[in-house]
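Undergrad: I would like to see how this sequence folds:
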Amino acid sequence: MKNKNYWDAKNVKTQTLTYQVVKKPETAVQLYKQGKLDEAPLTTTELYSANKSSKNSVKVPEVRTDYIEYNQTGTNKFLANTKIRQALNLATNRDELVKEVTGGVSTAGTALVPTGLAKTANGTDLAKYVAPGYTYDKNQAAKLFAEGLKELGETKATLTIEAASDQPANKVVVDYLQGSWQKALPGLTINQKFVPFKQRLQDAQNQNFEILLTAWGGDYPEGSTFYDLFKNNGAYNDGKFINNTYTDAVNKAETTDALNQANRDTDYKNAEESLFKNANYSPLMFRAHYALQNPDVKGVVTNTTGLIQDFKYAYRK
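TA: All right, here's what the predicted structure looks like:
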């Protein structure tokens, strides 16, 4: 409802905005086609393929990274082993993943910070600058996995991936990881666990997981909105790993180098390299999606960070 006491109320054209919670994306698309919604996200490969040729289909910018967290508290000895985590990272074909899961709409994850978040001092995309070289190498993955098992005195391992059941695309991601990891790493069995998003958040905070499928979207266009996540004892460091090199680099970026962008860029690059070396996490994809949008709705301002959609100037033609 429009607030008549808002300081700039004269420039707010719309009196009322109505949001509708629709759990199934297929239902949202049908409601859009019936004229009952002005926007419906195409969040599955099937929906995107069926509607991508529509004149009302538009690409929605995001700066969100989907990634894997490993519980490194020691409660699972396999995930406490660096070689096994490195093997899982190397057994992840990110290019194939985004093709299978998103129809190529999203792009392969190459770092914690996604493309489009920020630029370096010389104008390079920060994600490109810090990328440490995540690759798919099933032979090296199998070698490291076998070495890790030997170090633990084991010949096989069983691990569980947890994800939110409320988000339909998660099932496709987990299915893909399960199949590709088991194929690439002899002796590995992957189980699936789906819980409501609220429960997934609680499990993350309590380290009640082994491998967690999660994501983060930037709050502001600067690297620290992502790199703050994994500091030692950080609130969002769900795997509870300790990486002093990483933490020191991020702290330096936020203090000593706070006013020197070139140095800050280097700090973030060093932080990312340390995450990569220790296989503390695994970036999967930089998210993007398409949506069906009513062309008669004008003036909506779309941002990649902070307030994603600003309806202050929105109106229906």
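Undergrad: out of everything not next to it in sequence, what's closest to residue 266?
TA: Once flanking residues are discounted, residue 266 sits nearest to residue 257: 8.0 Å by Cβ to Cβ, 6 or more residues apart in numbering. Any C-beta I mention is one placed from the backbone N, CA and C, and that applies to glycine too.
Undergrad: Tell me how far the spatially most central residue of the chain lies from residue 161.
TA: In the chain, the C-alpha nearest the mean C-alpha coordinate belongs to residue 66, at 1.8 Å (Cα atoms, centre = their mean). Relative to residue 161, residue 66 is positioned 13 Å away (Cβ to Cβ, to the nearest Å).
Undergrad: Common neighbours of these two, please.
TA: When contacts are counted by Cβ atoms under 8 Å, 6 or more residues apart in numbering, residue 66 and residue 161 have residue 213 as shared neighbours.
Undergrad: rewinding a little: now that the residue nearest to the centre of the chain has come up, it's in contact with residue 109, right?
TA: Yes: the pair residue 66 / residue 109 is scored as a contact, 6.9 Å apart, by Cβ atoms under 8 Å.
Undergrad: Mind listing the shared neighbours of those two?
TA: In contact with both residue 66 and residue 109: 283-285, using Cβ under 8 Å, 6+ apart.
Undergrad: In TSV: these, plus neighbour count, secondary structure and distance to residue 213.
TA: Converted to TSV, those look like this (neighbours: other Cβ atoms under 10 Å; DSSP: H, G, I helix; E, B strand; the rest coil; distance: Cβ to Cβ, whole Å):
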residue	neighbour count	secondary structure	distance to residue 213
283	26	strand	12
284	25	strand	8
285	24	strand	11
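Undergrad: Mind putting those into TSV with distance to residue 101 and pLDDT?
TA: Below are the shared contacts of residue 66 and residue 109 laid out as TSV (distance: Cβ to Cβ, whole Å; pLDDT from 0 to 100):
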residue	distance to residue 101	pLDDT
283	14	98
284	9	98
285	8	97
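Undergrad: So what's the residue count around residue 22?
TA: Residues near residue 22, counting by other Cβ atoms under 10 Å, number 17.
Undergrad: now it, nearest residue through space, not along the chain?
TA: In space, residue 22 is closest to residue 28, 4.2 Å off (Cβ to Cβ, 6+ apart).
Undergrad: who touches that neighbour in this structure?
TA: Per Cβ under 8 Å, 6+ apart, neighbours of residue 28: 22, 37, 40-41.
Undergrad: residue ranges of the helices in the stretch 151-300 of the chain, please?
TA: 169-184, 197-205, 224-227, 244-254, 261-278 (DSSP state H, counting those that start in this stretch).
Undergrad: if we can go back for a sec, the residue nearest to residue 266 contacts residue 264, doesn't it?
TA: Yes: in this structure, residue 257 is within contact of residue 264 by Cβ under 8 Å, at 4.6 Å.
Undergrad: Settle it for me: which of those two has more neighbours?
TA: When residue 257 and residue 264 are compared for neighbours, residue 264 comes out ahead with 25 against 18, by other Cβ under 10 Å.
Undergrad: So what's the predicted local confidence for that one?
TA: Per-residue pLDDT puts residue 264 at 98.
Undergrad: For it, give its distance to residue 230.
TA: For residue 264, the distance to residue 230 - Cβ to Cβ - is 17 Å.
Undergrad: quick one, what contacts the spatially closest residue to residue 158 that is not a sequence neighbour?
TA: Nearest residue to residue 158 in three dimensions, chain neighbours excluded: residue 189, at 4.4 Å (Cβ to Cβ, 6+ apart). Residue 189 is in contact with 156-159, 182, counting by Cβ under 8 Å, 6+ apart.
Undergrad: for this protein, what spans make up the strands?
TA: Counting by DSSP state E, the chain has strands at residues 39-42, 57-60, 64-70, 107-108, 157-164, 188-195, 211-217, 281-286, 289-293, 297-298, 301-302, 309-310, 315-316.
Undergrad: What about residue 49, how many residues nearby?
TA: Residue 49 has 11 nearby residues by other Cβ under 10 Å.
Undergrad: and stretch 78-98, average pLDDT?
TA: 97.
Undergrad: Enumerate the positions of that stretch that are buried.
TA: 78-94, 97-98 (16 or more other Cβ atoms under 10 Å).
Undergrad: Of those, which belong to helices?
TA: Of the buried residues of stretch 78-98, the ones assigned to helices by DSSP state H are 82-90, 94, 97-98.
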